[in-house]
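A.B. asks: sharing a sequence plus its predicted fold:
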Amino acid sequence: MNVINFLLSAISLGTTFIYGSTGEILTEKAGHLNLGIPGVMCVGGASGCVALSLMYKTGMPPVLILMIAVLATFLGGALMGLIYSFLTVTLHANQNVTGLAMTTFGVGLMKYMMSGLKPIRYLYAVDYFRFPFADMKNSLQYCGVMMLLGFAIAIATSIVLSRTRLGLHLRAVGENPATADAVGINVTAYKYGATCIGSGIAGIGGIFYMLTYSGSQEAYLSVEALGWLAIALVIFTLWKPYLTIFGASLFGTLFVAGSFIPSLGITLDMSATPLLKMLPYIVTVVVLVVTSIRNRGTNQPPASLGTNYFREER
Amino acid sequence: MSNEIKKTHEPLFHVAKRDSLSPLKGLLIRVIAIVVAILLCSILTFFLIGTKNPFSLISTLVDGSFGSELRIWRFAKDLAVMLCISLAVTPAFRMKFWNIGAEGQVLIGTLASISCAFYIGDAVPNGVLLVIMFFASVVAGAVWGLIPAVFKALWNTNETLFTLMMNYVATYLVAFALIKWTPDGSSTLGIVEHGHLPEIFHPYLLLIVIVGALTLGIYIYLYHSKQGYEISVVGESQKTACYIGINVKKVVIRTMVVSGAICGVMGFLYASALDHTITTATVGGLGFTAIMVSWLAKFNPFIMIATSALIVFLNQGSSQMSTAFNISSAFPNVIVGIILFFIIGCEFFINYRIKFRKSKGDAEK
């Protein structure tokens, strides 16, 4: 029982990464490395909370509140994506620098927005975000609709990318925008679309962590660190959204391992906690190295990743 | 097949790359961008916070950095720290190696220094201790830069994420050390009594002098040395570098060691001249800000003095604002973020030219 509880907790924390990584994969498939994902997730989460606080005690049905909150979160993230794509796609700004500025801005904006909200005005929605398992006492409570939504988005994104014309065009844009442009694909529209939708999805990851997984008023302070891991997970999963489900569960396992091991009856020295927390990062490094050594053709990032496309530059 | 000739519609404007822009015009565009950004932020704060007049943001910004002698010294100190970390990341960036691990490299340097002071501080005289601390920090920082560089050179491992992960490893190592060093379980280390740099005239003066010398040194290294030239060639085109006989792998590794070592120097300065202690937040995100400072300066050490000053001015001024208007301490980040967006965006107008469609009359002439 204890073990199942632990695994459920790990998978549900991992769902935060599923949202973040799926969003980032979508962006990267269009050839843009968005290092602003931590900021995007923060702003998304904060927008959701603002929407919730506006609906506080209005007597709306919970389903509607949940849907509007998720939509607001999506829009908040997408708006950040819009800023990013305006700067990098239209104004050809350096992607790394823009992304880092987005993170600075996003984390600041979130803390500013959250400092103006009374926790009670958004924490009431925790029960809705954990629907239908809100009354459970164990980790099953995190495994409601929001987690399924994350799984569904990851799988749907995979199908769209690999099985539809839309996905084919998007991958073409990411691999070689000049060629895609030559065959009549609207490169700018694809880049904008993928970045904004991807950022919107990543934003939902922010509110998932804040309300479904954590449900506490300090939760928003850890969203940034999770966002960085979501970016790392993209490489871990070799740019395949459905693999994020497994990768994210593994990351989640490493994350909650620190709090789980003592419950097995093994007593750990207090100094072991930081070392355990270091694990996800070391595992990421190992995976990075292993994937780069194997260097298979199919496991590579989109060829034009990180470079901006300017039509007149041949 | 239809023989109908499609009428083409010429767009209102099109974008073309500029050949070159005089430095003066480039500067002008940047200044305009910053002024517009600050004006926008003033209006924003005016509406959001309800300050007395729209310009109180600007006066608070100036007051925050230059309002008193203490604040001017603090400004100079922060400028020196910012500049030092920015200088550290620059050699790697000129090589197009996206090292975002300055945060961890500085932190591990500080940890090395503090460890020396903590364990052997009693046993050796202060002068010897300082030398040991310095070398420990430089080596620690260099190793933190060396690890990702080796993998980059051998297997082209993504350096951005590797260096990012190294930040967290460094952070948790510090957390680990703090638990070991504080038996009471508070994880806060007080001031370490040993290994302080001597104070000359003012606590911050020595720091400023050291960073000044470093700026000159890095400038000479990058612009007037063979190694600096090799870095530029590798950054421009690895194939060219190979062709003219530069060992790219060697240059990548060597440059990252230099970057890491300078971060280590900053770590040493944190331990010996500034904080004399360590927390997981000693560097406080400056490693990331340094990337933007360095990029804004086009990787030129002297221009970097100006860009560091700008960022420190904005940071300090806007934290002054958060105390003056009693608002969340996160608001400064929002302001700095908006201004950064403008500065990043204005590069477009420096590199590209917008050509508007000529009106019919012009076209016929």
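C.D. replies: Received, thanks.

A.B. asks: got any ranges where the stretch 51-200 of chain B has weak pLDDT?
C.D. replies: In the predicted model, the stretch 51-200 of chain B carries pLDDT under 70 at residues B:51-54.

A.B. asks: where does the stretch 251-365 of chain B dip in pLDDT?
C.D. replies: The model of the stretch 251-365 of chain B has pLDDT under 70 over residues B:358-365.

A.B. asks: show me what from it comes close to chain A.
C.D. replies: For the stretch 251-365 of chain B, the residues in contact with chain A (CB under 8 Å from any CB of the partner chain) are B:285, B:288-289, B:291-292, B:295, B:327-334, B:336-338, B:340-341, B:344-345, B:347-348, B:351-352. Heads up, the C-betas are built off the backbone N, CA and C, glycines and all.

A.B. asks: buried subset of those as a PyMOL selection?
C.D. replies: Buried subset of those, written as a PyMOL selection, criterion 16 or more other CB atoms under 10 Å in any protein chain shown:
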select buried, chain B and resi 288+289+291+292+295+327+328+330+331+332+333+334+336+337+338+340+341+344+345+347+348+351+352
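
A.B. asks: SS state for A:Asn308?
C.D. replies: Under the three-state scheme (DSSP: H, G, I helix; E, B strand; the rest coil), A:Asn308 adopts coil.

A.B. asks: so how far is B:Gln238 from it?
C.D. replies: Using CB to CB, to the nearest Å, A:Asn308 is found at 20 Å from B:Gln238.

A.B. asks: cool, B:Leu21 as well?
C.D. replies: Counting by CB to CB, the separation of B:Leu21 from B:Gln238 is 28 Å.

A.B. asks: how about B:Pro11?
C.D. replies: According to CB to CB, B:Pro11 stands 37 Å off from B:Gln238.

A.B. asks: who's more crowded, those two?
C.D. replies: Neighbours were counted for B:Pro11 and for B:Gln238 using other CB atoms under 10 Å in any protein chain shown; B:Gln238 has more, 16 against 9.

A.B. asks: with adjacent residues omitted, what lies nearest to the more buried one?
C.D. replies: Leaving aside its sequence neighbours, B:Gln238 sits nearest to B:Val248 (CB to CB, 6 or more residues apart in numbering or on different chains; 5.4 Å).

A.B. asks: got it, and B:Ser328?
C.D. replies: Distances taken as CB to CB, 6+ apart place A:Ser115 nearest to B:Ser328, at 3.8 Å, with adjacent residues excluded.

A.B. asks: go on, A:Thr73?
C.D. replies: With CB to CB, 6+ apart as the criterion, A:Thr73 has its nearest non-adjacent residue at 3.6 Å, and that residue is A:Gly48.

A.B. asks: tell me which of the residues of the stretch 251-365 of chain B next to chain A fall in strands.
C.D. replies: Counting by DSSP state E, the part of those found in strands is B:Tyr352.

A.B. asks: all helices for the stretch 101-250 of chain B, in order.
C.D. replies: In the stretch 101-250 of chain B, the helices defined using DSSP state H, counting those that start in this stretch lie at B:102-120, B:126-155, B:159-181, B:205-223, B:226-236, B:238-243, B:248-269.

A.B. asks: buried sites along the longest one?
C.D. replies: Judged by neighbour count using 16+ other CB under 10 Å, the buried positions of helix B:126-155 are B:129-130, B:132-134, B:136-153.

A.B. asks: SS state for B:Val15?
C.D. replies: Following three-state DSSP, the label given to B:Val15 is strand.

A.B. asks: quick one: contacts for the residue nearest to it when sequence neighbours are not counted?
C.D. replies: Closest residue in space to B:Val15, ignoring its immediate chain neighbours: B:Tyr352 at 5.1 Å, by CB to CB, 6+ apart. Going by CB atoms under 8 Å, 6 or more residues apart in numbering or on different chains, B:Tyr352 touches A:92, B:15-18.

A.B. asks: so which of the residues you listed is surrounded by the most neighbours?
C.D. replies: A:His92 (19 neighbours).

A.B. asks: assess the claim that that residue and A:Asn308 are in contact.
C.D. replies: Yes - look at A:His92 against A:Asn308 with CB atoms under 8 Å: they come within range, at 4.6 Å.
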